[in-house]
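Asker: I would like the atomic coordinates for the input below:
(one chain, ligands or ions: 1)
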Amino acid sequence: MATIGIFDSGIGGLSVLREVRKLLPSEDYIYFSDNAYCPYGQKDPSLIIDRAREISDFLLFKGADVIVVACNTATGAAIATLRAEYSSPDERVEFISQGRRDHVKFVGMEPAIKPAAKLTRSGVVGVLATAGTLSAGKYNNTKESLPGSVTFVEHVGEGFVEQVESLDWTSDHARGVVEASLRPLLDKGADCIVLGCTHYPFLSGLIQDIAGPDVKVIDSAPAIAKQLLKVIKEEKIPYGEDGGGSGKVSLYASGDKGPLLKTFEFISGS
Ligand code: DGL
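Answerer: Next comes the predicted model:
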């Protein structure tokens, strides 16, 4: 069985874990919520890189064979550094991974603007993400590679991460928070809304309700799950192909563990 490490600034990455476990139910998972440092959205990229290193070391020490950076902001800020630093069999990696692997693969998030560009009929795609993701080179390079006939309109999901971490995903207050950032995108004619932050799928009920049935709300987690499976196969990491579903999940947090435990229970029942 493979052991898969997953991290995020908080509980957002559980929206990714939920999809990954549908595809790979027999594996073991180690999830790390860095909620003592949450939100990452407006933090300096150098701090996010330091956190990503420390958490990756922890996940490897716990036996991870592969790491999913289940956070768009951390992917934008840190994945290039992680891939460079953990790619060679140097002493540091050997010590940390206890000789299990001489290099480590990282799977990252990417706002699903490519599929959205194909799906849109109005030619306007709305993107909700953190300030860090919207300013990252990775996101902007992908955007530039897409046809000029599609217009991307963007908005930071102001207060969304805090709303999700507080476990209030449905109240009138939550609706007000969501509407304030979503409405400007709808007013500009967006008929696809890309959720460019792994916390936002927990608000997708409200997002869909406000946007109406003609607007597609797109989460990249299912695509990331497929990408992870591809990497596991390429790397020849042994995994359970029978889909038996006996894998265990270990949960860790740098801050209060309560929201993580409650949300894990929620995703396990949904
Ligand atoms: N869940 C994260 C993301 O995908 C980080 C949100 C935050 O901490 O600001 O971007």
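Asker: Show residues contacting the strand or helix carrying Leu251.
Answerer: Using DSSP states H and E, Leu251 sits within strand 249-253. Contacts to strand 249-253, defined as CB atoms under 8 Å, 6 or more residues apart in numbering, come from residues 17, 21, 28-36, 58, 62, 257, 260-261, 264. C-beta: built from backbone N, CA, C; applies to glycine.
Asker: Report the buried residues of it.
Answerer: Within strand 249-253, the residues that count as buried by 16 or more other CB atoms under 10 Å are Val249, Leu251, Tyr252, Ala253.
Asker: is any part of stretch 177-197 close to the ligand?
Answerer: Yes. Counting by CB under 6 Å from any ligand atom, contacts between stretch 177-197 and the ligand involve Cys197.
Asker: Quick check: buried residues in that stretch?
Answerer: Neighbour counts over stretch 177-197 (16+ other CB under 10 Å) mark 177-179, 181-182, 185-186, 190-197 as buried.
Asker: cool, and stretch 65-82?
Answerer: So stretch 65-82, judged by 16+ other CB under 10 Å, has buried residues 65-79, 81-82.
Asker: try stretch 114-134
Answerer: Those buried within stretch 114-134 under the rule 16+ other CB under 10 Å are 114, 116-117, 120, 124-134.
Asker: Over to stretch 203-213?
Answerer: Applying a neighbour-count criterion of 16+ other CB under 10 Å, one finds Leu203, Ser204, Leu206, Ile207, Ile210, Ala211 buried in stretch 203-213.
Asker: out of these, who's nearest Ser220?
Answerer: Ser204 (12.4 Å; CB to CB).
Asker: Not counting its neighbours along the chain, what's nearest the closest one?
Answerer: Closest residue to Ser204 apart from its sequence neighbours, by CB to CB, 6 or more residues apart in numbering: Val217 at 5.5 Å.
Asker: That neighbour against Leu195, yeah?
Answerer: Yes. Under the criterion of CB atoms under 8 Å, Val217 makes contact with Leu195 at 6.6 Å.
Asker: shared neighbours of those two, anything?
Answerer: The contact lists of Val217 and Leu195 share Ser204, Ile207, where a contact means CB under 8 Å, 6+ apart.
Asker: rewinding a little: return the strand holding Leu251 as PDB; C-alpha atoms alone will do.
Answerer: Only the C-alpha atoms of strand 249-253 are listed here, as PDB (Å, rounded to 0.1, in the frame of the first residue of the first chain):
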ATOM      1  CA  VAL A 249      -6.100   8.200   7.800                       C
ATOM      2  CA  SER A 250      -3.900   9.900  10.400                       C
ATOM      3  CA  LEU A 251      -4.700  13.600  11.100                       C
ATOM      4  CA  TYR A 252      -2.300  16.200  12.400                       C
ATOM      5  CA  ALA A 253      -2.700  19.900  13.000                       C
END
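Asker: and Leu251, how far is that from the ligand?
Answerer: 16 Å (CB to the nearest ligand atom, to the nearest Å).
Asker: begin at 746 from here
Answerer: Right, with 746 as the first residue, what we last looked at is Leu996.
Asker: circling back: hang on, the residue nearest to Ser949 in a strand?
Answerer: Yes. Under DSSP: H, G, I helix; E, B strand; the rest coil, Val962 sits within a strand.
Asker: Show the pLDDT at it.
Answerer: pLDDT recorded at Val962 is 98.
Asker: beta partners of it?
Answerer: With DSSP bridges as the criterion, Val962 is bridged to Ile938.
Asker: Let me see the ranges of the strands in the stretch 796-945 of the chain.
Answerer: 811-814, 850-853, 869-874, 896-901, 937-940 (DSSP state E, counting those that start in this stretch).
Asker: For those, please prepare TSV with the additional fields mean pLDDT and distance to His918.
Answerer: Output for the strands of the stretch 796-945 of the chain, formatted as TSV (pLDDT from 0 to 100; distance: least, CB to CB, whole Å):
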stretch	mean pLDDT	distance to His918
strand 811-814	96	30
strand 850-853	96	32
strand 869-874	98	18
strand 896-901	98	18
strand 937-940	98	20
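Asker: Quick one, which of those strands gets closest to Ile977.
Answerer: Smallest distance to Ile977 across the strands of the stretch 796-945 of the chain (CB to CB): 6.4 Å, for strand 811-814.
Asker: Counting by contacts, list what the closest one packs against.
Answerer: strand 748-753, helix 790-806, helix 817-830, strand 850-853, helix 966-979 (3 or more CB pairs under 8 Å, 6 or more residues apart in numbering; DSSP states H and E).
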